[in-house]
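Peer 1: this one's structure only:
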C-alpha cells in the first residue's frame, strides 16, 4: 500500500510520496515526466535527503476524484473525467511510460472542477501488475459507485456498462472512442476531417427541370364562369313539416301556460305555510319576513313586528324578556366562569339562563370569540422551533448572510457550477476552496487544496484533513470570514 501525505508550502499544496528503501526507481519514466509536459499527467519533483527519497506532485486548486464524485454526477463530469484519464494514459504510452505506473485510485487522481479534466499521478517505480485488467476494473467501479443525475438521459451509462462487460481484451483506444461518441455525438472535435479532394471528386447533380404548368389551369382560375341564380339559391335544408316540435314556436305558449297554474300552498319543514305568487300582499309579507332562520345571534335585536309570534316545533330553553316594557328591570348576568362551563356542558343556575350574556352585547353579534388555552390556566408547550434544535449553518460576517449546511457534503468556492455556496465577489477564494461534512450531529471541515488555505480560529489547517467544528468557531477561507453555528 502506497502512503502519501499532503504538504503546504506557501500558496501551493503538494502530494508527497516517501519511497521505500527496497523500491527501485524507473529512471526512464521519471526522466520523461520531468523533462516533458504530458497532458493529463501531473509533473513530479524528485528530491533526496540523506537516504530518504521523495516524489512531490503539485495538486493546488484541484480536488481528488473521490471528492469530485461526491453527490450527484452529471454526464459532462463523468465522461469528461473518463476521456481525460484515457487520453492521458494513451499519450503517456507515446513517451514510453507504462500504464501500470499510474495510480488508479480515487484519492490520488485530481480533477480541475471547471473543465472536468483529470490529471494522473505516475509513480516511477518498478511494478509487476496487469495494466489492462486494472484499468477496466477501475472504470467499472466508478460507474457502479456513482450517483447520476436523474434529470438527464442516462442511456450513456448503460452503453458504458455494456462496453466494459464485453469479454476479451480491454482496448483503451476503443474505450476512448466510445466515450467521445457519447460525450460529443456527431460534433466530435477529434474526428478526422474529410479531405478536400474527396468533396471535389463528387459529381455535381444537375438541377431537375421544373415541369411547365398547363395553360388551362391559369385560364380557368383567371376567368371564372358566372354563377347562375339557380346555383346561388340555397336549397332548404328541411321542409317545414319536418322541423322538430322542439323548434316550433307554439311550444313557448305551452311553457307560459305552465306558469299560469293555480297557486299552491307549500308547508315548510317547521310546519309553516308559505304562499306562492297569486296571494294577497298582506298574506305574503309576514311569512316572507318570518320565514328567515333565526339563530341565537338575533336575540336582543329590535323586533320588526311585536304582534307576530313564532311557534317553533323544537323545544327552546326559556328566554329572558327583552321587550321595551321590561327594559328598566335589571337582568342578572352570569359570571365568566358560568359562560365557559356552559360551552363544555356543565350545569348552570336555574335563575339566570346562560344565553342572557349575549343579550347585553350590542353591535358585535354574529361573531365568534375563540377562547385561548391560556384562560384555563394551562401550560403552553413550546414547539421545536423554540428549543435548541441541531441545525448547523454558517454566518458570513461581511454580509451577515446565513448559509445552512443542508447537505452531507457542502462545497464552498467560486466555481458556480460545482459548489453549493458560490462566492463570486472574492478572488482570493479558490474554485473549490473547502467542504463541510455532516455526519449525524458531528460536523467537519476539510480544505480541498486551496491556494490561500483555510483557518480555524486563526490556525491554518492541513489540506484534505477533516477538522471537527464546534459551535461559535471562526472560519477563514482565504480572507473571507465565517462563523459556525449549530442552533
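Peer 2: All right, it came through fine. Worth saying up front: this structure is predicted, and the values here are computed from it rather than measured.
Peer 1: got the residue ranges for the helices in the chain?
Peer 2: Using DSSP state H, the helices of the chain run over residues 27-35, 65-68, 75-94, 131-145, 155-164, 172-184, 196-200, 216-222, 229-232, 251-259, 281-290, 336-343.
Peer 1: Quick one: mean pLDDT over the fifth one.
Peer 2: Per-residue confidence for helix 155-164 averages out to 93 on the pLDDT scale.
Peer 1: Check the fourth one too.
Peer 2: Mean pLDDT, helix 131-145: 83.
Peer 1: now the angle from that helix to helix 155-164?
Peer 2: Counting by axes from the mean of the first three to the mean of the last three CA atoms, to 10 degrees, helix 131-145 points 150 degrees away from the direction of helix 155-164.
Peer 1: What about the nearest residue to residue 180 once chain neighbours are set aside, how many residues nearby?
Peer 2: The shortest distance from residue 180 to any non-neighbouring residue, by CB to CB, 6 or more residues apart in numbering, is to residue 188 (5.3 Å). (Glycine included, C-beta is placed from N, CA and C.) Residues contacting residue 188 under the criterion other CB atoms under 10 Å number 12.
Peer 1: can I assume residue 188 is in contact with residue 182?
Peer 2: No - look at residue 188 against residue 182 with CB atoms under 8 Å: they stay out of range, at 10.2 Å.
Peer 1: rewinding a little: how near is the residue nearest to residue 180 to residue 83?
Peer 2: Distance, residue 188 to residue 83, using CB to CB, to the nearest Å: 11 Å.
Peer 1: wait, what's in contact with residue 122?
Peer 2: 29, 33, 41-42, 44, 92, 97, 101-103 (CB atoms under 8 Å, 6 or more residues apart in numbering).
Peer 1: Can you spell out which residues form a bridge with residue 119?
Peer 2: residue 110 (DSSP bridges).
Peer 1: before we move on, back to that, quick check: neighbours shared by residue 188 and residue 83?
Peer 2: Counting by CB under 8 Å, 6+ apart, the residues touching both residue 188 and residue 83 are residue 180.
Peer 1: In the protein, where is pLDDT below threshold?
Peer 2: Of all residues in the chain, those with pLDDT under 70 make up the ranges 1-2, 128-133, 189-388.
Peer 1: Now do the domain split for it, please.
Peer 2: 332-361, 388-485 (automatic domain parsing).
Peer 1: what's the span of stretch 448-464, first residue to last?
Peer 2: One end of stretch 448-464 sits 6 Å from the other (CA to CA, to the nearest Å).
Peer 1: List the buried residues in it.
Peer 2: 448-456, 461, 463-464 (16 or more other CB atoms under 10 Å).
Peer 1: could these be laid out in JSON lines, adding distance to residue 22?
Peer 2: Formatted as JSON lines, the buried residues of stretch 448-464 follow (distance: CB to CB, whole Å):
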{"residue": "448", "distance to residue 22": "34"}
{"residue": "449", "distance to residue 22": "30"}
{"residue": "450", "distance to residue 22": "36"}
{"residue": "451", "distance to residue 22": "36"}
{"residue": "452", "distance to residue 22": "39"}
{"residue": "453", "distance to residue 22": "36"}
{"residue": "454", "distance to residue 22": "37"}
{"residue": "455", "distance to residue 22": "40"}
{"residue": "456", "distance to residue 22": "39"}
{"residue": "461", "distance to residue 22": "34"}
{"residue": "463", "distance to residue 22": "29"}
{"residue": "464", "distance to residue 22": "28"}
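Peer 1: and the residues you listed, which two are the farthest apart?
Peer 2: Distances among the buried residues of stretch 448-464 were taken as CB to CB; the most separated pair is 451 and 456, at 17.7 Å.
Peer 1: Would you mind confirming that residue 53 makes contact with residue 47?
Peer 2: Yes - judged on CB under 8 Å, residue 53 makes contact with residue 47 at a distance of 7.4 Å.
Peer 1: the more surrounded of the two?
Peer 2: Taking neighbours as other CB under 10 Å, residue 53 and residue 47 compare with residue 53 leading, 16 against 10.
Peer 1: Excluding sequence neighbours, find me the nearest residue to the more buried one.
Peer 2: Nearest to residue 53 is residue 19, by CB to CB, 6+ apart, at 4.3 Å.
Peer 1: List the contacts of that neighbour.
Peer 2: If you count contacts by CB under 8 Å, 6+ apart, residue 19 has them with 25, 52-55, 125.
Peer 1: Residue 400: which of the contacts of residue 122 is nearest?
Peer 2: Using CB to CB, the contacts of residue 122 come closest to residue 400 at residue 42, 40.6 Å.
Peer 1: and that closest one, what does it touch?
Peer 2: So residue 42 contacts 57-59, 110, 119-122 (CB under 8 Å, 6+ apart).
Peer 1: who touches residue 452 in this structure?
Peer 2: Here residue 452 is in contact with 11, 428-430, 477-479 (criterion: CB under 8 Å, 6+ apart).
Peer 1: go with 7 Å
Peer 2: 11, 428, 430, 478 (CB atoms under 7 Å, 6 or more residues apart in numbering).
Peer 1: Tabulate these (a markdown table), appending neighbour count and distance to residue 422.
Peer 2: Output for the contacts of residue 452, formatted as a markdown table (neighbours: other CB atoms under 10 Å; distance: CB to CB, whole Å):
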| residue | neighbour count | distance to residue 422 |
| --- | --- | --- |
| 11 | 11 | 22 |
| 428 | 14 | 15 |
| 430 | 28 | 13 |
| 478 | 19 | 15 |
